[in-house]
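Colleague: please work out how this folds:
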Amino acid sequence: MVMNNSRNHKYNGAIDRTQITPDKRYSVGAIGKLFVHDIFEGFPKEFLDANVVFIDVPYTIGDVKRYDIKADKDSGRMTYEIFLERIKYYLENMIKLRTVFIEVGKANVDKVITMLFSHFVNVKVYESTYYKKNLCYIVQAWNDEKDFIAIQDSKLDEVDVNENIIVTMDENDVICDFMNGRGLTSKNAFKYGRKFICSDMNVNRLAVAYEDIARKGGEILCDN
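Modeller: Coordinates of the predicted model:
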């Protein structure tokens, strides 16, 4: 285990104001699931219900390792290729999956495209931004034409792309984000009453998502 004493990495301190713990599953009313999970651990059965995926992946291997340190994880001999293989494993096991959207930076967008083409027939790349100014990409992949979700193709910021996906997807779709972080996907899904399954390996980050939904009137109950 890697410990970093230079910061406590509690983000806005939500972990101290919520009941969230790493060993519990939480339901958000009848529409959502929130829980702590590391993708290098077992595949959660909850993900089997998802048919749309949005994930904002670390842009570089350095980002992967920084996120691991903040979550008290040991990256060991991690490479970006190993990281993407694990994402591919998750996508391959989501038996209802119709389409996936992956946000990624310029350094590894080609690797994400290659990974997606190993499992999907169609791949489309959208230019986007993060923090309203920095270039990034949203890579969409799907197989059948009926599974394509048409989103705005006008260089939207990542925040707006995520919202656009959730608004545009079918009402019965279930969106999954297994790198939910501080809660962009869970926040937007809750806002529009769409079904979601969201997780993150860092309980401190996920606590922000938990608190945000609770403050907006979401009823969050522990399942176990």
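Colleague: just checking, residue 78 touches residue 61?
Modeller: Yes: if you go by Cβ atoms under 8 Å, residue 78 and residue 61 touch, sitting 6.7 Å apart. C-beta: built from backbone N, CA, C; applies to glycine.
Colleague: okay, buried residues for the lowest-mean-pLDDT helix or strand in the chain please.
Modeller: Lowest by mean pLDDT, DSSP states H and E among the helices and strands of the chain is helix 61-70, with a mean of 86. Going by neighbour count (16 or more other Cβ atoms under 10 Å), the buried part of helix 61-70 is 61, 63-65, 67-70.
Colleague: and that helix, what does it pack against?
Modeller: With contacts defined as 3 or more Cβ pairs under 8 Å, 6 or more residues apart in numbering; DSSP states H and E, helix 61-70 has these neighbours: helix 80-93.
Colleague: the same query, at a cut-off of 10 Å, please.
Modeller: For helix 61-70, the packing partners by 3 or more Cβ pairs under 10 Å, 6 or more residues apart in numbering; DSSP states H and E come out as helix 80-93, helix 203-215.
Colleague: with only the CA atoms kept, save the longest one in PDB.
Modeller: Output in PDB follows, covering the C-alpha atoms of helix 80-93 (Å, rounded to 0.1, in the frame of the first residue of the first chain):
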ATOM      1  CA  TYR A  80      -1.300   2.400 -19.900                       C
ATOM      2  CA  GLU A  81      -1.700  -0.800 -21.900                       C
ATOM      3  CA  ILE A  82      -2.500  -2.900 -18.800                       C
ATOM      4  CA  PHE A  83      -4.900  -0.200 -17.700                       C
ATOM      5  CA  LEU A  84      -6.800  -0.300 -21.000                       C
ATOM      6  CA  GLU A  85      -6.800  -4.100 -21.100                       C
ATOM      7  CA  ARG A  86      -8.700  -3.900 -17.800                       C
ATOM      8  CA  ILE A  87     -11.200  -1.500 -19.200                       C
ATOM      9  CA  LYS A  88     -11.700  -3.800 -22.200                       C
ATOM     10  CA  TYR A  89     -12.300  -6.700 -19.900                       C
ATOM     11  CA  TYR A  90     -15.100  -4.700 -18.200                       C
ATOM     12  CA  LEU A  91     -16.700  -3.700 -21.500                       C
ATOM     13  CA  GLU A  92     -16.600  -7.300 -22.800                       C
ATOM     14  CA  ASN A  93     -18.400  -8.500 -19.700                       C
END
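Colleague: ok, which stretches of the chain are helices?
Modeller: 61-70, 80-93, 109-117, 158-168, 184-191, 203-215 (DSSP state H).
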